[in-house]
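> Sequence and predicted model, in that order:
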Amino acid sequence: FLALVVFLFQGLFSDPRALDSQVQDKVVPDFSLPDLMQPDVVYTPDVFKGKVTILNVWGVWCVTCAVEMPYLTELRHEQQVNFVGLYFDQDLDPDFGTKTLSRVQQEVTSMLSHYGNPYQYNIFDVYRDTSLDLGVTGAPEHFLIDSRGIVRMHHIGDINPRVWETKVGPLYRKLLTEQEAQQAGGAG
């Protein structure tokens, strides 16, 4: 009984968004997925090599994603933050097909034109396998990936000005500095 009370008491003071990430400090899990808008283009983890990237897991069904999009778009344009979307659709069943790809593309285009488009491109996680491999529990979730393709931070929830300035932004800038030092060392 005492052990149960202690366990439950600890839960009162824990942050439900502070989960240990299964991919922290590991190379991005292997995948081969199409571009959402150009399905003939296929991405692998190699797309993360050579540049610091924030992989943003999102969907049109996600209200918080819509709320954060204008700020992410501002970061992309004002600070040149490199965002890549990992998109999955809750209403799309790859085996039974309740939506067509063109309908998904229309919904995404509409949302991005309304709220802003922070993404360089969107990787389409059709079967949600990559999201599962990353340990995604919902959306939005963000994975800060260094220039070697290693996940350096997993942030659950939106990125807003406070989160950017206190948590994500400082590490993003540090990783950019490391990348620049690597490139300068390799060039010399």
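Good, I have the coordinates.
> going forward, measure contacts between C-alpha atoms and count neighbours the same way
Will do.
> Looking at the chain, which helix is longest?
Assignment by DSSP state H gives helix 169-187 as the longest helix of the chain.
> Send me that one as CSV with only the CA atoms.
The C-alpha trace of helix 169-187 is given here as CSV (Å, rounded to 0.1, in the frame of the first residue of the first chain):
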residue,chain,number,x,y,z
GLY,A,169,16.0,27.3,-29.9
PRO,A,170,19.2,27.2,-27.7
LEU,A,171,19.9,23.6,-28.7
TYR,A,172,19.1,24.3,-32.3
ARG,A,173,21.6,27.2,-32.4
LYS,A,174,24.2,25.1,-30.6
LEU,A,175,23.8,22.4,-33.2
LEU,A,176,24.1,25.0,-36.0
THR,A,177,27.4,26.2,-34.4
GLU,A,178,28.7,22.6,-34.2
GLN,A,179,27.7,22.0,-37.9
GLU,A,180,29.5,25.2,-39.0
ALA,A,181,32.6,24.1,-37.0
GLN,A,182,32.5,20.7,-38.7
GLN,A,183,32.2,22.2,-42.1
ALA,A,184,35.0,24.7,-41.5
GLY,A,185,37.2,21.9,-40.1
GLY,A,186,36.5,19.7,-43.2
ALA,A,187,37.2,22.6,-45.6
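> Centre of the chain to it, how far?
Mean-position distance between helix 169-187 and its chain equals 20 Å (C-alpha atoms, centre = their mean, to the nearest Å).
> what is the residue nearest the centre of the chain paired to in the beta sheet?
Centroid check for the chain by C-alpha atoms, centre = their mean gives residue 56 as the closest residue, at 2.1 Å. Beta-bridge partners recorded for residue 56 (DSSP bridges): residue 85, residue 142.
> which residues does it contact?
83-86, 140-143 (C-alpha atoms under 8 Å, 6 or more residues apart in numbering).
> contacting residues around stretch 58-66?
85-90, 107-108, 111, 115, 139-141, 157-158.
> Which members of those residues are classed as buried?
Among the contacts of stretch 58-66, those scoring as buried are 85-89, 108, 111, 115, 139-141, 157-158 (criterion: 16 or more other C-alpha atoms under 10 Å).
> Now do the strands for the chain: every range, in order, please.
Here the chain has its strands, by DSSP state E, at 33-34, 42-43, 53-58, 83-87, 119-124, 141-145, 151-156.
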